[in-house]
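S.K.: coords below, sequence missing:
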Ligand SMILES: NC(=O)c1ccc[n+]([C@@H]2O[C@H](COP(=O)([O-])OP(=O)(O)OC[C@H]3O[C@@H](n4cnc5c(N)ncnc54)[C@H](O)[C@@H]3O)[C@@H](O)[C@H]2O)c1
C-alpha cells in the first residue's frame, strides 16, 4: 500500500507522520511545491523510524508527481490556511485553483487512488476535486467530521471528567460555523450524554465546537494541525486496512437527508472502496432544520465557486 500526502505543511506533515507511525503502508510520499521542504520532512520522518519503530519508507517530492504513481490513497492538504479574522470561505480564491491543479496531477499518476481532501473551504474543495477527478463519488471525500466530532468529544470529556475515548458522537453538515453536533446521538460509554450533563453546559459545548477551529486560529495565528492531521490519517487507515469504520465525512449526497448534488458531512462507512455506505439516521424537525441551514451555507460558497469558472 502506498499513500501520498500533497502539501507538506502543518497538516500534511502531521498526517504523513501519523500514517507512518501506524505502520500500515509500505510507502508514504510527501509532495509540496516548495523546493526541498517535502524531501527534508520525509528524511526527518525516516530518521524517526528507528525511534518510533516503523518501517514505512518515506519519500519527498518537489512537485514531481511521478513519485506518487500508483498510490492507493492520496490526501490533499495543499493550499493556504486561515489567519485570524478570516473564515474558511475566504480561502476559496487561492485554494480552488490549487486543488484543481493538484487533483489533475494526482489522477493522472494514480487513477485508482481514493482521494481525501483537507484544503478549505472543505465542502466546496471536495466538490471541486470530485468534478476534476471524474471518478466515482465513493472515491472522493473530505475530512472535517472526524476533526469536528473530536473537538466536541474532547470538550465533553473535559466537562465530564471522563476519558475522551469513552465519548461517542455524531456531527453533520458543512465544515463551518453552521456545523451540526447532535447531542441526541452522543453517548458516554453507551449512556446518553443528556443524562450526565445539564442542557446549558451541553449547549455551550456545542457552540464552542462550532467555533473550535477559529479558537485555535486566534491562539496560533494559523489553523490547527495535530487533530486535523490525525483525523486525515484515521481515514487513510480505515481505507488501507479495509476497517469498515463509521465516521462523519464530507461526501456527495444525492437525495440522502433531502440534499441533492452537493458535498456535505454525513455518517459513512469507510473501507477499501472508500465511501462504502452513506448512513441515514433519523433526524427530528429541529435537527433537520439545522442541517438544512448548514447545507444552505455550503450552497452560498458553491455559488461563489461556480462564478469563478475554475472547472
Ligand atoms: N478540513 C479540515 O478540517 C482542515 C483542518 C485544518 C486545516 N485545513 C486546511 O488545510 C490546508 C493546509 O493547512 P496547513 O495548516 O497545513 O497549511 P500550511 O501552509 O502549513 O501548508 C500548506 C502547504 O501546501 C503547499 N502548497 C501550496 N500550493 C501547492 C501546490 N500547488 N502543490 C503542492 N503543494 C502546495 C504549501 O507550500 C504548504 O507547504 C488549508 O487550506 C487549511 O485551511 C483543513
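M.R.: All right, it came through fine. Nothing here was measured: the structure is a model prediction, and the numbers come from that model.
S.K.: how about the helices in the protein?
M.R.: 10-22, 37-52, 92-109, 122-133, 145-160, 199-210, 212-220, 226-240, 285-307 (DSSP state H).
S.K.: got a markdown table for those helices, with mean neighbour count, distance to residue 182 and mean pLDDT too?
M.R.: All C-beta atoms are positioned from the backbone trio N, CA, C, and that covers glycine. Putting these into a markdown table (neighbours: other CB atoms under 10 Å; distance: least, CB to CB, whole Å; pLDDT from 0 to 100) gives the following:
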| stretch | mean neighbour count | distance to residue 182 | mean pLDDT |
| --- | --- | --- | --- |
| helix 10-22 | 24 | 26 | 98 |
| helix 37-52 | 16 | 36 | 98 |
| helix 92-109 | 19 | 27 | 96 |
| helix 122-133 | 26 | 18 | 98 |
| helix 145-160 | 22 | 9 | 98 |
| helix 199-210 | 16 | 9 | 98 |
| helix 212-220 | 17 | 16 | 97 |
| helix 226-240 | 23 | 18 | 98 |
| helix 285-307 | 16 | 6 | 97 |
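S.K.: those into JSON lines, with extra columns for distance to residue 248?
M.R.: Formatted as JSON lines, those follow (distance: least, CB to CB, whole Å):
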{"stretch": "helix 10-22", "distance to residue 248": "18"}
{"stretch": "helix 37-52", "distance to residue 248": "28"}
{"stretch": "helix 92-109", "distance to residue 248": "21"}
{"stretch": "helix 122-133", "distance to residue 248": "12"}
{"stretch": "helix 145-160", "distance to residue 248": "3"}
{"stretch": "helix 199-210", "distance to residue 248": "12"}
{"stretch": "helix 212-220", "distance to residue 248": "14"}
{"stretch": "helix 226-240", "distance to residue 248": "10"}
{"stretch": "helix 285-307", "distance to residue 248": "12"}
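S.K.: quick check: residues of this protein near the ligand?
M.R.: 6-12, 32-34, 37, 77-82, 91, 95, 98, 101-102, 118-120, 122, 143-144, 147, 175, 222-225, 228 (CB under 6 Å from any ligand atom).
S.K.: who's in contact with the closest residue to residue 297 other than its chain neighbours?
M.R.: The shortest distance from residue 297 to any non-neighbouring residue, by CB to CB, 6 or more residues apart in numbering, is to residue 178 (4.5 Å). Counting by CB atoms under 8 Å, 6 or more residues apart in numbering, residue 178 touches 210, 290, 293, 294, 297.
S.K.: what's the closest of these to residue 44?
M.R.: residue 210 (35.3 Å; CB to CB).
S.K.: I'd say that closest one and residue 174 touch.
M.R.: No - assessed by CB atoms under 8 Å, residue 210 is found out of contact with residue 174, at 10.8 Å.
S.K.: which non-adjacent residue is nearest the residue in the chain that the ligand sits nearest to?
M.R.: Closest residue of the chain to the ligand, CB to the nearest ligand atom: residue 9 (1.7 Å). Distances taken as CB to CB, 6+ apart place residue 77 nearest to residue 9, at 6.7 Å, with adjacent residues excluded.
S.K.: neighbours of the one you found, how many?
M.R.: 30 (other CB atoms under 10 Å).
S.K.: now it: how far from residue 15?
M.R.: As judged by CB to CB, to the nearest Å, residue 77 and residue 15 stand 7 Å apart.
S.K.: find residues that contact each of those two.
M.R.: With CB under 8 Å, 6+ apart, residue 77 and residue 15 have common neighbours 5, 118, 232.
S.K.: check contacts around the last one.
M.R.: Right, residue 232. The contact partners of residue 232, by CB under 8 Å, 6+ apart, come to 11, 15, 75, 77, 116, 118, 143.
S.K.: give the contact list for residue 140.
M.R.: 114, 115, 117, 126, 129, 130, 133, 252, 274.
S.K.: which residue packs closest to it, ignoring adjacent ones?
M.R.: Closest residue to residue 140 apart from its sequence neighbours, by CB to CB, 6+ apart: residue 130 at 4.3 Å.
S.K.: again, but for residue 155
M.R.: Excluding the flanking residues, the one nearest residue 155 by CB to CB, 6+ apart is residue 205, at 4.7 Å.
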